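A.B. asks: requesting a structural model of the entry that follows:
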Amino acid sequence: MTADDWKNRGKTQIPNKLIFDRTLTPHQKLVYGAIRAHKNAKDGRCFPSIRTIQKETGLAEGTVKTARNKLKKSCYLSWKTEWFIDDKGKKKLRCYYDTPFENSLEEGGQQMTPRSTDDPRRGSIDDPGRGAADDLVTIRKEQEEIKRRKLKSPPIASDDATTLSELLKEQILSNNKNAIVKNGSWPKEADLMIRKDKRKPEEIKKVIIYCQNDSFWKSNIMSMKTLRKQYDRLVLQMKERGGTNSDYVSEMLKEARIRKAEGAAND
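C.D. replies: Alright, predicted model coming up:
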C-alpha cells in the first residue's frame, strides 16, 4: 500500500452548509475539500502546503490563496503558522489548518450527514440551497453585529460647540462679508477643543472675539481648526494685553456688532 492509496480509497465529508453556500465559488469549495481530505483524525488539524493544494486541485497559486482567505472570512477555515523540525533536523515553518465550523457541529452533537427529504430546511429542487445555510447566515449576522458594537459611533457635537462655530462665522463675516466660510467641520473641531483639549466654552468665546478684532489675527484665523492650533498663543497675547478681562471682551464684541450694523446699512 503506497502513501497515496488513501486518496483513492478514502472519503471526505463536507458540511451541507458549505455545499449550498452560494457566496462560495466552486474553486473555493474544491480547495476546502482538498484541505479537509488531509484532516488528522487525532487532533483534527492538517498542514498541506499551497503547492500540495495546487497539485491536488489543479488550481493556480493565486486562486488557492484567494479561496483560503474567503473560507477563513466565512468561518469555514482557520489556520496558524508554527515552527517544526523536519526529518533532517532543520527548523521550518508549517501552516496548520483547522475547520472551526465542523468542530462546532461535533461539539453540539450534530453529525455531518445529509438531511432527509422530509426536512423542511432542505429546500426545494429548484432552490436546494434555500434554508440549508440559514444557520451560517445567522452566525454571520451575529458577527457583524458584534463588529458594529465594537466600532465607536462618532460623537455628536455639543450645543456649546455649535454655538462657538456660529460665533466664529459671525465674527469672520462681520470683518469681511464676502469671506468664503466652510464651517461644516467647525462644530467637530470646537467639540475637540472642549472635550479633548479641556478648554472652557467661555474662554474659547473670549479668544474668538479677541482674534477677530485683532488687526493681525483676524486675517489669519479663518477657521476653527486654525483657532485650535493657535489657541495657546492667542491666550498668551490676550493676557499680555489684558484681553482676559470681561469688560475688555465685551467692548470688543460691541465694536464688532457696530461694524456689522454699519455694513448692513451700507448694503
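A.B. asks: from here on, just use CA atoms for contacts and neighbour counts.
C.D. replies: Noted.
A.B. asks: show me where pLDDT drops low in the protein?
C.D. replies: Screening the chain residue by residue with the criterion pLDDT under 70, one finds the ranges 1-9, 101-140, 150-155, 242-267.
A.B. asks: tell me the domain ranges of it?
C.D. replies: The record, using automatic domain parsing to delimit domains, assigns the chain the ranges 5-113+121-150, 159-266.
A.B. asks: from these, which stretch is densest packed?
C.D. replies: Comparing the domains of the chain by mean neighbour count (mean count of other C-alpha atoms under 10 Å), domain 159-266 comes out on top with a mean of 16.
A.B. asks: what about the helices in this structure?
C.D. replies: In the chain, the segments counted as helices under DSSP state H are 5-9, 16-19, 26-37, 50-57, 61-73, 100-107, 134-150, 159-175, 186-195, 201-211, 224-229, 231-240, 246-266.
A.B. asks: need those in JSON lines with distance to residue 85, can you?
C.D. replies: Supplementary listing: those in JSON lines, determined by distance: least, C-alpha to C-alpha, whole Å:
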{"stretch": "helix 5-9", "distance to residue 85": "25"}
{"stretch": "helix 16-19", "distance to residue 85": "34"}
{"stretch": "helix 26-37", "distance to residue 85": "22"}
{"stretch": "helix 50-57", "distance to residue 85": "19"}
{"stretch": "helix 61-73", "distance to residue 85": "25"}
{"stretch": "helix 100-107", "distance to residue 85": "26"}
{"stretch": "helix 134-150", "distance to residue 85": "37"}
{"stretch": "helix 159-175", "distance to residue 85": "62"}
{"stretch": "helix 186-195", "distance to residue 85": "55"}
{"stretch": "helix 201-211", "distance to residue 85": "65"}
{"stretch": "helix 224-229", "distance to residue 85": "57"}
{"stretch": "helix 231-240", "distance to residue 85": "61"}
{"stretch": "helix 246-266", "distance to residue 85": "77"}
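A.B. asks: can you say which of those helices is nearest to residue 92?
C.D. replies: helix 50-57 (14.9 Å; C-alpha to C-alpha).
A.B. asks: show me what the closest one is packed against.
C.D. replies: helix 26-37, helix 61-73 (3 or more C-alpha pairs under 8 Å, 6 or more residues apart in numbering; DSSP states H and E).
A.B. asks: backbone dihedrals for residue 200, please?
C.D. replies: When read as degrees, to the nearest 10, the backbone of residue 200 gives phi -80, psi 140.
A.B. asks: among the helices and strands packed on helix 50-57, which comes closest to residue 165?
C.D. replies: Residue 165 lies closest, by C-alpha to C-alpha, to one member of the helices and strands packed on helix 50-57: helix 61-73, at 44.0 Å.
A.B. asks: could you say what helices and strands that closest one packs with?
C.D. replies: Counting by 3+ C-alpha pairs under 8 Å, 6+ apart, helix 61-73 packs on helix 26-37, helix 50-57.
A.B. asks: quick one: residues in contact with the first one.
C.D. replies: Think helix 26-37. Contacts to helix 26-37, defined as C-alpha atoms under 8 Å, 6 or more residues apart in numbering, come from residues 11-14, 18-19, 46, 48, 53, 56-57, 59, 63-64, 67-68, 70-71, 77, 97, 99.
A.B. asks: try the shortest one
C.D. replies: Contacts made with helix 50-57 from outside it, assessed by C-alpha under 8 Å, 6+ apart, are listed as 30-31, 34-35, 59-61, 64-65.
A.B. asks: let's see that with 7 Å instead.
C.D. replies: Applying C-alpha atoms under 7 Å, 6 or more residues apart in numbering, the set of residues contacting helix 50-57 from outside is 31, 34, 60-61, 64.
A.B. asks: tell me the angle of that helix relative to helix 26-37?
C.D. replies: Counting by axes from the mean of the first three to the mean of the last three C-alpha atoms, to 10 degrees, helix 50-57 points 110 degrees away from the direction of helix 26-37.
A.B. asks: alpha carbons of helix 50-57, as CSV, please.
C.D. replies: Backbone C-alpha positions of helix 50-57 (Å, rounded to 0.1, in the frame of the first residue of the first chain) are rendered in CSV as follows:
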residue,chain,number,x,y,z
ILE,A,50,0.0,25.7,-1.0
ARG,A,51,2.0,23.7,-3.6
THR,A,52,0.3,20.4,-2.4
ILE,A,53,-3.2,22.0,-2.7
GLN,A,54,-2.3,23.3,-6.2
LYS,A,55,-1.1,19.9,-7.3
GLU,A,56,-4.2,18.1,-6.0
THR,A,57,-6.8,20.6,-7.3
